[in-house]
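Chemist: build me a model:
(one chain, ligands or ions: 1)
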Amino acid sequence: MSNIKHRKSNSPGKSSTRNIRYFTDVHGLPCIEKMVSSVEETPEPISCFITGTIPDWIKGNFLRNGPGKFEIGNQRFNHWFDGMALLHQFKISNGQVTYKSRFLSSDSYQSNQERNRIVVSEFGTVTMPDPCKNFFQRFLSRFELPKPSDNANVSFVTYKGDYYVSTETNIMHKLDPETLQSTEKVDWSKFIAVNGATAHPHTEPDGTTYNMGNSYTPKGAYYNIIRVPASKQAEGETLEGASVLCAIRSSEKTKPSYYHSFAMSENYVVFIEQPIKMDLLKIATGKLTGKSISDGFSWEPKSNTVFHLIHKDTGKVTLTLENPQTFRGSSQIVDQSIWGCENFIIYEDVYEEAQTHPSIC
Ligand SMILES: [Fe+2]
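Modeler: Next up, the predicted model:
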């Protein structure tokens, strides 16, 4: 691993440097250094040191997911979202905890390991043409569309009671939560017309799961609200029965907004179309221009922020609020009752308008 110059965060202006072991230059953010450092997997369980007492009634597996390997051979990923998925299991039983971890045996991971170089492009890393190909093959490979990665390094999710690991492409891996091994690669686009889905779905108490995913059509980009049934009709099912509840056309045909997650209440899905734009042309031609997917993202503050409310029973867009001032001026949190890992905030002006709309409550 080569050395990286690192500025100490507590001495701004003074370019005090030291050699650090981590690949990512994290000026001013030393707290995330360890999050972007490579580690070895721990496939055999080890005992954990416990501070305090864990009640006997807590029993089960605490599962976590995230990037854990940032170098392949002498190449490095360029973005902290790109590391190879490392799956963690903390097994809790009788007040004791054991830990193990395993790299996801994704196609991306296996191909990279086999060739000892980065073969599959990730969000912030674009692969260079294979030096083993002849000149003409290398030239042609620049015109290929980027292949979606199955490096599912964002989250553990459940559909129909089964465990999956997910990123934001169309590929997830179904997983055995005991062994942390992939049992099946599952492609969203085989079930519904989407090009991917978020890694943060929301699940109803009955097991019905909602997610969102984009589709790219000749008419432009669409944001789709997806519903996956609560349970399987037959053994071995994955996403069978999934459906698109609602398709919302992007405000800009070839520049849809990026979203990492969405919010959900008992009756509504809340989707915020925000001014972080994805330039589809730039992304599609990334191999040709040597640009990564992240290079196709831009913050466009002059664009509006649009709130979409979709009724979960009817799939109808109940309300669309467009407000360029949404994130400016004074505002207050009036509703945090939305489900999900990230709190949802309805700002004062939006809420007032919502109050005048009888179908929203
Ligand atoms: Fe997230």
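
Chemist: so for stretch 197-213, mean pLDDT?
Modeler: Stretch 197-213 carries an average pLDDT of 97.

Chemist: again with stretch 169-185
Modeler: Stretch 169-185 carries an average pLDDT of 97.

Chemist: quick one: contacts of it?
Modeler: Here stretch 169-185 makes contact (Cβ atoms under 8 Å, 6 or more residues apart in numbering) with 61, 63, 87, 89, 100-102, 104-107, 148-150, 152, 156-157, 162-166, 186-189, 194-197, 213, 238. For every residue, glycine as well, the C-beta is placed using N, CA and C.

Chemist: what's around Gly83, how many residues?
Modeler: Residues lying near Gly83 (other Cβ atoms under 10 Å) number 26.

Chemist: quick check: closest non-adjacent residue to it.
Modeler: If the residues on either side of it in the chain are set aside, Gly83 comes closest to Pro67, at 2.5 Å by Cβ to Cβ, 6 or more residues apart in numbering.

Chemist: burial of that neighbour, as a residue count?
Modeler: For Pro67, the neighbour count with other Cβ under 10 Å is 22.

Chemist: which residues does the host helix or strand of it contact?
Modeler: Assigned by DSSP states H and E, Pro67 belongs to strand 60-69. Strand 60-69 is touched from outside by 35-36, 38-39, 41, 80-92, 101, 103, 152-156, 163, 165, 177-178, with contacts defined as Cβ under 8 Å, 6+ apart.

Chemist: can you go through these and name the buried ones?
Modeler: Burial of the contacts of strand 60-69 was assessed by neighbour count (16 or more other Cβ atoms under 10 Å); the buried members are 36, 38, 41, 80-92, 101, 103, 152-156, 163, 165, 177.

Chemist: which of these fall in strands?
Modeler: Of the buried ones among the contacts of strand 60-69, the ones assigned to strands by DSSP state E are 84-92, 101, 103, 155-156, 163, 165.

Chemist: and of these, the nearest to Tyr259?
Modeler: Ser155 (14.8 Å; Cβ to Cβ).

Chemist: low-scoring stretches of the stretch 151-300 of the chain, by residue?
Modeler: Within the stretch 151-300 of the chain, the set of residues satisfying pLDDT under 70 is empty.

Chemist: re the thing from before, following the strand holding Pro67 in sequence, what is the next regular element?
Modeler: Downstream of strand 60-69, the next assigned helix or strand under DSSP H and E is strand 71-72.

Chemist: ok, and what's touching that following strand?
Modeler: Strand 71-72 has contacts (Cβ under 8 Å, 6+ apart) with Met1, Phe23, Ser38, Phe77, Met84, Asn112, Gln113, Asn116, Arg117, Ile118.

Chemist: ok, it: who's next to it in the sheet?
Modeler: Neighbouring strands of strand 71-72 in its sheet, by DSSP bridges, are strand 75-76 (antiparallel).

Chemist: picking up where we left off before, mind checking which of the contacts of strand 71-72 are in strands?
Modeler: Counting by DSSP E, those place Met84 in strands.

Chemist: buried ones among the contacts of strand 71-72?
Modeler: Among the contacts of strand 71-72, those scoring as buried are Phe23, Ser38, Phe77, Met84, Asn112, Gln113, Arg117, Ile118 (criterion: 16+ other Cβ under 10 Å).

Chemist: that older thread, got a ChimeraX select line for the buried ones in the contacts of stretch 169-185?
Modeler: Typed into ChimeraX, the line below selects the buried ones among those, using 16+ other Cβ under 10 Å:
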select :63,87,89,100,101,102,104,106,107,148,149,150,152,156,157,162,163,164,165,166,186,188,189,194,195,196,197,213,238
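
Chemist: please, where are all the helices along this protein?
Modeler: Here the chain has its helices, by DSSP state H, at 107-115, 135-141, 280-284, 286-289, 348-355.

Chemist: the fourth one - contacts with which helices or strands?
Modeler: Taking 3 or more Cβ pairs under 8 Å, 6 or more residues apart in numbering; DSSP states H and E as the contact definition, helix 286-289 has no neighbouring helices or strands.

Chemist: can you name the two of the buried ones among the contacts of strand 71-72 that are farthest apart?
Modeler: Of all pairs drawn from the buried ones among the contacts of strand 71-72, the greatest distance, 17.4 Å, lies between Phe23 and Gln113 (Cβ to Cβ).

Chemist: low pLDDT regions in the stretch 1-150 of the chain?
Modeler: 1-31, 129-146.

Chemist: what do you get if the cut-off is 90, keeping everything else the same?
Modeler: Within the stretch 1-150 of the chain, the stretches with pLDDT under 90 are 1-37, 78, 80, 126-148.

Chemist: re the thing from before, quick one: which of the ones in strands among the buried ones among the contacts of strand 60-69 is nearest to Ser261?
Modeler: Lowest distance from Ser261 to those (Cβ to Cβ) belongs to Ser155, with 9.9 Å.

Chemist: tell me which residues touch that closest one, please.
Modeler: Ser155 makes contact with Asn65, Val165, Ser166, Ala199, His200, according to Cβ under 8 Å, 6+ apart.

Chemist: tell me if I'm right that the second one and His88 touch.
Modeler: Think Val165. No: between Val165 and His88 there is no contact under Cβ atoms under 8 Å: 11.1 Å.

Chemist: quick one on the thing from earlier: of the buried ones among the contacts of strand 71-72, which is the nearest to Val269?
Modeler: Nearest to Val269 out of the buried ones among the contacts of strand 71-72 is Met84 (Cβ to Cβ; 32.1 Å).
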